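Chemist: only geometry, no sequence info:
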């Protein structure tokens, strides 16, 4: 190595040692007689010192070093007079004898600091400079640690990592595939996998028993803020298991990750049915860092001539504890919030349960204090609390109240990113009815098994059939989901019929999997975790992009390398393709 | 779990234990009063026993079990009377009380045995059954172990695994790219990476210091027997290093892999210049499991009126020790071998150094025994040896003699797949002249740095410039290669000029990398290992396909899922593409 030490390891114990360091010039301060330079590498920052009195020429050299110059220095470790105990190397500095400029640098277009002055677009274009920032580097180090510890855990319980192919086959079901034209098979295309689902099931048929893979997946979607065309999954599958085994195994994984990466101890994961999640939180991925569960008061409040409630399918609310003193302005803000088009409530009813025990509401015209008292009892409210109530169609109202609950959670600072509340949500519906196409879709995917006790309902009331499907949810984020699969052909056949596949379509799309199932498929099930999302959650960030080394923007472009781009006519011709815009 | 134990773990110490096992019926033997069934899972095979006398009905059930049926059994562990000490579970059997057939199986199209009766095509079509075979499963387990131990080692020396993007940008240099049409950017394409070369260099610019990744790469080549359109690399890069540091670091990796995966201790790797490899072995990836180095005798043998030698640029041979007794037929076979078109020698000259000390050659007409004695001395031959000599143009003759040497190594069983002889080959030429296009190509890639002492030659004799480039070679296989990179812009610029890039072309293709180099690029270098190849080498196999779960065939097709395939007109339209065959 050109260096003897990194910029992060020298301490007071090394005083007097002659060292060689390499790194980038983070900043330099010229104090007249002395010049200080902070030298940075991946491992830390070490202070270099140059003294005009003892070596004027070298000091002049040091003054000429620009930000982000790459230098090699030789010098001696000395104790600092002015110690910085926040830094690992803060007790020492290097009295430099020699500087080699290994490479100069133009002035970067933004500062290489945690709080940089660069906007997102600029930082994406110069991602290689953005990646130098401490905060970004820490994210990628976290990601490495997460992947490494995932593999350690999975290996320790005899999972085998198997690479499945990237060039596979396009299937019309699900999201759009990215496709890859084949030159040697003109007119034919590979597809990039949206997930290795069929391959992992084939590996179970092949007897691999416990498979996992940290794997890139691809989805050609119209991009939303926090989606990427390529993303990474921790993909897992096990044979001879029940749902209970999946829960135990992957509870183990998440505990291991929290312990080894964050040094956080996680309790056994609570379990919540999908029906309870919808009823109590209005969503299938509840943020359980705080309570504020829904209370339904429909029958309690109807029949008092308040038309909004009388016409409503559901009247439901939350108790914002300690918020009775909310001002008119704050309540107006909340009303505006729920009336936003993307939330879609018609209005917000509130009841203030004042500290003195009196009850005041926005519907005092219709409800007496005695009646409001009964509301308060239903909500388990106490003096000082604020009840927030919505009414309307059940589904829409729950959805809106979920948003209001999260908003209140944020306002009350109940959603600390360093608190972690994981749980299992299970018993998802097997099927979802689509009004537009008048058909059922698989809520999870077509290989998900119905609960055995619900199989009879497949013929009579398919919409009510529950699946052996589950999500792991942390802090309101679905970090993973999976199911116990169908492993016998007749049931798979019936399922595909329900989903509206013709015999031919089913054969064309899933033929090889269904054929494989005829050669002794074991009972099996699995789960896939969104790895980018899991990393951002562990890092306490909302954006997955911060945890991807070279992300694409919202238009699916990599602005650094300027991709996608045109290709040559010759390439197109070799691929037997014409562009037709 | 549906089971209490796997099929690989019960021993004599478990005698009397009630157990539940799940697995596949490997085979069953009906011996009249007794029926034996071998139950298989990933972990092993356990013998089940059914007794007609004690439970006739169950025994009848057992007799109906077909090959590859998936069953669950409950029974008691008992000591076997007829022990099989070759099997981990060979001392016990299970006296079964209950059978559950979890899934039936059609009769597989080939036997699930190490020596199967299925041809390659059939096994590829039913790869999920082929994967059940013990020999195939062991290969994938080895691959998992290799990847896991690679990560362990790299992490232990502070390398960070960073995922680089799969959807990147097409560059005309090098092999053909696979491209991916962009729907949201009509007429534009991503490319799949042939390697993460530019991204790993950008990570060095970004200060990541030590990067690695086990990563899929893609190359749209006309396929040869042992190439795959998608393949896996261990991709690595380090900053502030010399070639010596790369050698030490990755020598460490390979030793770690041999030790942890194969329990083989590897000595420090010998180092051989490219020039020496070419001179002594006629190839840049010598199989050093055996000697038989080349001996050049051009000046010794010329001027004796033997036209073949007199006209030759090079006369060179090998000493096949102990082969003096080769028959006429054997020597004819070797002559035929070197005259094959793909080897291309005009003929083979031999000298037998008989045990009695007499020398006999195929050129006795031209050379006296005294002269042949001098040959023998040049070859360090002793009585009993056989000299094999080729003559002609230097390059072609060395190439042919390399093939002959390998052939002799095989015939003499000097190439044991369980012996491992790794080495470094270094000081490769920087450039390769292409006669057809009358230009230089980068032998490694355009970012490889010349040796500092050869830089002056770039202007006067570019073809003679040596590069800071190196390969790791094991048993005649190039398992990895890399170089110290160019890290400053003027030298990179000059290199691209030499390679015939116009200013515009260079900017269009490598602009973002060259721009990045202006912001403080550190000295850096790296290496990439062919992971599929490395696994096959560790497994003692010649074929990488045996170490890939779902390989493609020689026509780049996956015959199991039948891919590539046509896509719908709608998909093409969305992608603004037309097929034009």
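Modeler: Yes, it's here. As the structure is a computational prediction, the values presented were derived from the model and not from experiment.

Chemist: do the helix or strand of chain A with the lowest mean pLDDT and chain B meet?
Modeler: Within chain A, confidence by mean pLDDT, DSSP states H and E is lowest for helix A:503-516 among all helices and strands, at a mean of 84. Yes: applying Cβ under 8 Å from any Cβ of the partner chain, one finds helix A:503-516 in contact with chain B at A:512, A:516. The way it works is simple: take the backbone N, C-alpha and C, and place the C-beta from them, glycine included.

Chemist: tell me the buried residues in that helix?
Modeler: Neighbour counts over helix A:503-516 (16 or more other Cβ atoms under 10 Å in any protein chain shown) mark A:506, A:509-510, A:512-516 as buried.

Chemist: residue of the stretch 251-400 of chain A with the smallest distance to chain B?
Modeler: With Cβ to the nearest Cβ as the measure, residue A:260 is the residue of the stretch 251-400 of chain A nearest to chain B, at 12.4 Å.

Chemist: so that residue sits against residue A:147, correct?
Modeler: No: in this structure, residue A:260 is not within contact of residue A:147 by Cβ atoms under 8 Å, at 11.9 Å.

Chemist: name the residue in the two with the higher neighbour count.
Modeler: residue A:147 (19 against 16; other Cβ atoms under 10 Å in any protein chain shown).

Chemist: on that earlier part again, dump the buried residues of helix A:503-516 into CSV; add distance to residue B:525 as well.
Modeler: Formatted as CSV, the entries for these read as follows, by distance: Cβ to Cβ, whole Å:
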residue, distance to residue B:525
A:506, 53
A:509, 47
A:510, 48
A:512, 45
A:513, 45
A:514, 51
A:515, 49
A:516, 46
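
Chemist: which of those lies closest to residue A:526?
Modeler: Of all the buried residues of helix A:503-516, residue A:513 has the smallest distance to residue A:526: 14.2 Å, by Cβ to Cβ.

Chemist: roughly how far does the closest one sit from residue B:321?
Modeler: Counting by Cβ to Cβ, to the nearest Å, the gap between residue A:513 and residue B:321 amounts to 57 Å.

Chemist: ok, now residue A:170?
Modeler: The value you get for residue A:170 to residue B:321, if Cβ to Cβ is used, is 58 Å.

Chemist: residue A:278 touches residue A:398, doesn't it?
Modeler: Yes: contact between residue A:278 and residue A:398 holds when scored by Cβ under 8 Å: they sit 6.4 Å apart.

Chemist: spell out which parts of the stretch 201-350 of chain A neighbour chain B.
Modeler: With Cβ under 8 Å from any Cβ as the criterion, the stretch 201-350 of chain A comes near chain B at residues A:202-203, A:205-210, A:216, A:218, A:220, A:222-223, A:229-230, A:232, A:239-242, A:245.

Chemist: ok, now with 6 Å
Modeler: Residues of the stretch 201-350 of chain A found near chain B (Cβ under 6 Å from any Cβ of the partner chain) are A:202, A:205-209, A:216, A:220, A:230, A:240, A:245.

Chemist: report the two of those residues separated the most.
Modeler: Taking Cβ to Cβ as the measure, those span a maximum distance of 36.0 Å, between A:220 and A:240.

Chemist: okay, and for chain A, where does confidence drop off?
Modeler: Applying pLDDT under 70 to the predicted model, the residue ranges of chain A that meet it are A:173, A:225.

Chemist: hmm, 50 instead?
Modeler: Chain A contains no residues with pLDDT under 50.

Chemist: domains in it, by residue range?
Modeler: If the domains of chain A are taken from automatic domain parsing, they occupy A:12-103, A:137-272+A:421-548, A:291-411, with pieces of a single domain joined by a plus sign.

Chemist: would a markdown table of the ones you listed with distance to residue A:2 be doable?
Modeler: What follows is these, written out as a markdown table (distance: least, Cβ to Cβ, whole Å):
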| stretch | distance to residue A:2 |
| --- | --- |
| domain A:12-103 | 5 |
| domain A:137-272+A:421-548 | 21 |
| domain A:291-411 | 49 |
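
Chemist: out of these, which one sits most buried?
Modeler: Among those, the stretch with the highest mean neighbour count (mean count of other Cβ atoms under 10 Å in any protein chain shown) is domain A:137-272+A:421-548, at a mean of 20.

Chemist: and residue A:186, how far from chain B?
Modeler: As defined by Cβ to the nearest Cβ, to the nearest Å, residue A:186 lies at a distance of 5 Å from chain B.

Chemist: ok, that residue touching residue A:574?
Modeler: No: the pair formed by residue A:186 and residue A:574 falls short of the contact definition of Cβ atoms under 6 Å, at 9.3 Å.
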